[in-house]
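> Following is a predicted model, sequence given first.
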Amino acid sequence: MDDQRGSARSEVTTYAVVATAARSATEAIGPALLLAALANQRADSDGAALVAAFTGLAAVAGPVVGALLDRVARPGRVVLGSVALMAASAAALAVLVAGAPLPLLLVICALGGLAYPALTGGLTSQLPWIVTGSGLDRAYGIDAATYNVGAIVGPPAAAAMLVLGRSGPVLFLLGLLLLALVLVPRIRFPVREPADERPALSRVLASGFGALVSTPSLAYATVLTTVGFAGQAAFLVTVPLLTQAQTGSLAASGWVFGAAALGGIVTTLWVARRPLQHLDRGLSLTTAGIAAALLVLALSPSFAVTVGAALAFGAFEGPLLTALFRIRTREADPGVRSAVFTTASRLRTTAYAGMTAVFGALLGIGTTRLLLLGVALQGLAFLSAGWSYRSVAGRVSARPT
């Protein structure tokens with residue numbers, strides 16, 4: 001029994017180390033691209049456009065990557081190849097961000113975005129194959145914490161890397177990805193039966209979409225977080241300029257990003273020890289908390305208040321992710337779990353990418369108005385999620401038994 005517990009702890013530890021390295025990279029992408037574009041004196045909207053290109057193609061690729069992870073014999077190879085692709089994209093950006101035309105940079109970012117789903121929802125979807133039994137809930141809490149640890153390491157360090165030069169944030173991103181490339185093979189991914197005994201890729205892909213629109217709780221969680229994350233893009237786009245206006249230093253934005261990450265890891269580790277009992281209610285309450293934090297940020301009179309609002313923002317986001325992961329696992333059939341994770345995750349990324357581009361284009365109206373728009377989107381998230389739940393529940397109850 002002790003040996004089994006030790007083995008389970010070892011599996012979770014290995015996964016946590018690998019996931020932290022990978023998520024540090026993915027959490028650093030947005031700030032690194034924004035800061036590098038601004039530092040290289042590109043147009044204010046260029047950084048937001050690069051982030052949107054990166055996350056936009058990730059949204060398109062997500063369902064396919066998820067279906068592949070459900071279907072291939074060795075999903076670890078998909079994850080490893082994804083890290084290598086993203087590292088190549090970061091290397092090209094580090095060299096070209098200073099003077100290359102924007103269309104070329106957008107293409108490079110888009111190619112890197114193909115790898116993103118495997119390191120976020122795709123990696124999380126493999127946890128039930130790696131950790132089984134009663135330890136899975138705790139593992140999900142730890143997995144959610146890796147996003148917050150990554151956010152602590154990634155954005156502040158990316159900002160600090162400006163001292164090394166204008167491309168310093170992107171070079172830091174490259175370093176994280178190379179570290180992840182070394183560590184990913186240490187995860188004990190499942191090895192499945194031969195390909196001809198598994199369902200076709202198109203069938204897995206369709207099943208993943210089908211689960212999202214035929215299960216009330218999944219529909220509610222997916223719509224709530226998709227629209228809600230669209231509003232959260234206001235935080236990423238406005239923090240560098242808001243911080244610069246309040247302190248005179250672009251690099252000081254690292255303190256704000258770090259505060260958000262610190263709030264997230266504290267609450268995520270807390271729910272890892274004391275798992276949420278009411279997942280759907282927890283998802284709603286944390287979304288409301290994020291709206292309140294964005295409102296305080298919009299009205300912030302000083303840098304100290306901005307840091308405090310960011311701390312609260314992250315404190316609600318961490319448990320939100322934990323609840324979301326557990327709802328997907330609870331509701332999704334194991335045969336299409338990866339497709340459900342990555343499809344839903346990429347829907348959120350699509351909304352996030354689109355609103356990142358919109359917020360970047362609207363920077364001229366001021367950070368306060370953009371953050372208030374982010375608050376309004378949280379309200380829209382509740383309205384649209386409630387409608388989705390009632391619609392799907394009505395269809396399910398109307399089916400003949």
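Yep, it's here. Numbering: from 1, shown residues only.

> Neighbours of residue 103, how many?
8 (other C-beta atoms under 10 Å). Every residue, glycine included, has its C-beta placed from N, CA and C.

> Quick check: it vs residue 53, distance?
10 Å (C-beta to C-beta, to the nearest Å).

> what do you get for residue 343?
Residue 343 is 21 Å from residue 53, by C-beta to C-beta.

> Just list the residues touching the residue lying closest to residue 344 once chain neighbours are set aside, thanks.
Of all residues beyond its chain neighbours, the one nearest residue 344 is residue 222 (4.8 Å), with distances taken as C-beta to C-beta, 6 or more residues apart in numbering. Listed by C-beta atoms under 8 Å, 6 or more residues apart in numbering, the contact set of residue 222 reads 212, 344, 347, 388.

> Go ahead and confirm the last one touches residue 220.
Just to be clear, that refers to residue 388. Yes - using C-beta atoms under 8 Å, residue 388 makes contact with residue 220 at a distance of 6.0 Å.

> Between those two, tell me which one has more neighbours.
Between residue 388 and residue 220, residue 220 has the larger neighbour count (other C-beta under 10 Å), namely 24 against 21.

> in what helix or strand does that one lie?
helix 216-247 (DSSP states H and E).

> which of the contacts of residue 222 tops the neighbour count?
residue 344 (29 neighbours).

> Local confidence estimate at it?
Model confidence at residue 344, given as pLDDT, is 75.

> And the strands in this structure?
For the chain, no strands are identified by DSSP state E.

> Spatially central residue in it, please.
residue 120 (6.2 Å; C-alpha atoms, centre = their mean).

> can you pull the pLDDT of the closest residue to residue 74 other than its chain neighbours?
Nearest non-adjacent residue to residue 74, counting by C-beta to C-beta, 6+ apart: residue 191, 6.0 Å away. Here the pLDDT value assigned to residue 191 is 77.

> how many other residues sit next to residue 191?
10.

> for residue 112, same thing?
Quick note: residue 112 (other C-beta under 10 Å) scores 28 neighbours.

> ok, now how distant is residue 168 from residue 325?
33 Å.

> If we go by neighbour counts, what in stretch 83-103 is buried?
Neighbour counts over stretch 83-103 (16 or more other C-beta atoms under 10 Å) mark 83-94, 97 as buried.

> average model confidence for stretch 351-365?
Rounded mean pLDDT across stretch 351-365 is 83.

> Report the buried residues of that stretch.
351-360, 362-363.

> same question, stretch 139-147
Quick answer for stretch 139-147 (16+ other C-beta under 10 Å): 139-147.

> will you turn those residues into TSV that also has distance to residue 259 and pLDDT?
Formatted as TSV, the buried residues of stretch 139-147 follow (distance: C-beta to C-beta, whole Å; pLDDT from 0 to 100):
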residue	distance to residue 259	pLDDT
139	27	78
140	24	76
141	21	74
142	22	80
143	22	81
144	18	73
145	16	74
146	18	79
147	15	73
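
> Out of those, list just those in helices.
If you go by DSSP state H, the buried residues of stretch 139-147 have 139-147 in helices.

> Return the member of the residues you listed nearest to residue 18.
residue 146 (8.8 Å; C-beta to C-beta).

> Just checking, which helix or strand of this structure averages the lowest pLDDT?
Least confident helix or strand of the chain, by mean pLDDT, DSSP states H and E, is helix 201-214 with a mean of 64.

> Give me the below-cutoff pLDDT ranges for the stretch 101-250 of the chain.
132-135, 148, 151-152, 193-211 (pLDDT under 70).

> Go again with 90.
Along the stretch 101-250 of the chain, segments meeting pLDDT under 90 span 110-222, 233, 236-237, 240-241, 244-245, 248-250.

> Residue 117 touches residue 346, doesn't it?
Yes - the pair residue 117 and residue 346 qualifies as a contact (C-beta under 8 Å) at a distance of 5.9 Å.

> the longest helix in this structure is where?
helix 2-39.

> List the buried residues of it.
Buried, per 16+ other C-beta under 10 Å, within helix 2-39: 8, 11-12, 15-16, 18-39.

> same thing with stretch 299-319?
Those buried within stretch 299-319 under the rule 16+ other C-beta under 10 Å are 300, 303, 306-319.

> now, among those residues, which is nearest to residue 247?
residue 303 (5.4 Å).

> quick one, what contacts the closest one?
Residues in contact with residue 303 (C-beta under 8 Å, 6+ apart) are 243, 246-247, 252.

> now do 6 Å
The neighbourhood of residue 303, defined by C-beta atoms under 6 Å, 6 or more residues apart in numbering, consists of 246-247.

> Can you tell me how far it is from residue 371?
15 Å.

> again, but for residue 290
12 Å.

> likewise residue 328?
Distance from residue 328 to residue 371, counting by C-beta to C-beta: 29 Å.

> Need the pLDDT of residue 45.
pLDDT, read off for residue 45, is 78.

> That one and residue 359 touch, don't they?
No - using C-beta atoms under 6 Å, residue 45 is not in contact with residue 359, being 9.6 Å away.

> now stretch 303-310: mean pLDDT?
Stretch 303-310 comes out at a mean pLDDT of 94.

> chain center to it, what's the gap?
22 Å (C-alpha atoms, centre = their mean, to the nearest Å).

> Kindly report the same for stretch 168-177.
Distance, centroid of stretch 168-177 to centroid of chain: 18 Å (C-alpha atoms, centre = their mean).

> same question, stretch 140-152
On C-alpha atoms, centre = their mean, the centre of stretch 140-152 falls 10 Å from the chain's centre.

> next one: stretch 281-296
17 Å.

> Tell me the buried residues in that stretch?
282-291, 293-296.

> ok, and what's touching that stretch?
For stretch 281-296, the external contacting residues (C-beta under 6 Å, 6+ apart) are 221, 224, 228, 276, 309, 312-313, 316, 319-320, 323, 371, 374-375, 378.
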